[in-house]
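Sequence first, then the predicted structure:
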Amino acid sequence: MIYLTRRAEFSASHFYQNPQLSAEENRRIFGKCNNPHGHGHNYTLEVTVAGEIDETTGMVLDLKELKNVLENEVLRVMDHRFLNREVPIFATRIPTTENIAVEIWNLLAEKLPSGRLHRIRLYETQDLYVDYYGE
């Protein structure tokens, strides 16, 4: 089994708020992240694809194709967006790093031309990241 990882970067803003909680509870739980004007991050995304080497091409997946899928399915949707207001899933789900990683998985899992999605690693900062391996 071979594992290929491609890295991409994007910037997005968001805020944390659970509509089922009071304004006071949201402020207590989420602190500064509850600011309705939002705050931003420069995210680093690593997408790992697993598979066997194709005898004809010598590749698991053409990395140009993976780059195109990332650009079309993730970056086009999330880069320079206010996630709560511009990405439909985050109108009803808190855009935490964990939830963003799961959504990226959902956007990519069925779009790969070959191989299978193995891992999403999403860095919110240099020293904080989330790994997601599907369900």
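That came in fine, so what should we check first?

Need the contact partners of stretch 119-129.
5, 41, 43-48, 97, 100-102, 104-105, 108, 130-133 (CB atoms under 8 Å, 6 or more residues apart in numbering). In this view, the C-beta of every residue, glycine as well, is placed from N, C-alpha and C.

now those: which count as buried?
Neighbour counting by 16 or more other CB atoms under 10 Å classes 41, 43-45, 47-48, 97, 100-102, 104-105, 108, 130, 132 among the contacts of stretch 119-129 as buried.

Residue 7: what secondary structure?
strand (DSSP: H, G, I helix; E, B strand; the rest coil).

Return the per-residue confidence for it.
Listed pLDDT for residue 7 reads 96.

And residue 128, by the same measure?
In this model, residue 128 carries a pLDDT of 85.

Could you do residue 134 as well?
86.

Quick one: residues contacting residue 65.
Counted by CB under 8 Å, 6+ apart, residue 65 has contacts residue 113.

same deal with the one 5 residues further on?
Residues near residue 70 by CB under 8 Å, 6+ apart: 6, 8, 45, 47, 108.

for residue 74, same thing?
So residue 74 contacts 8, 10, 45, 104, 107, 108 (CB under 8 Å, 6+ apart).

give me that answer again for 7 Å
Counting by CB atoms under 7 Å, 6 or more residues apart in numbering, residue 74 makes contact with 45, 104, 107, 108.

for residue 89, what are its contacts?
Residue 89 sits in contact with residue 103, where contact means CB under 7 Å, 6+ apart.

which residue ranges form the strands in this structure?
2-14, 39-51, 81-82, 116-125, 128-132 (DSSP state E).

Confidence-wise, which of these is weakest overall?
strand 128-132 - the lowest mean pLDDT of the strands of the chain, at a mean of 90.
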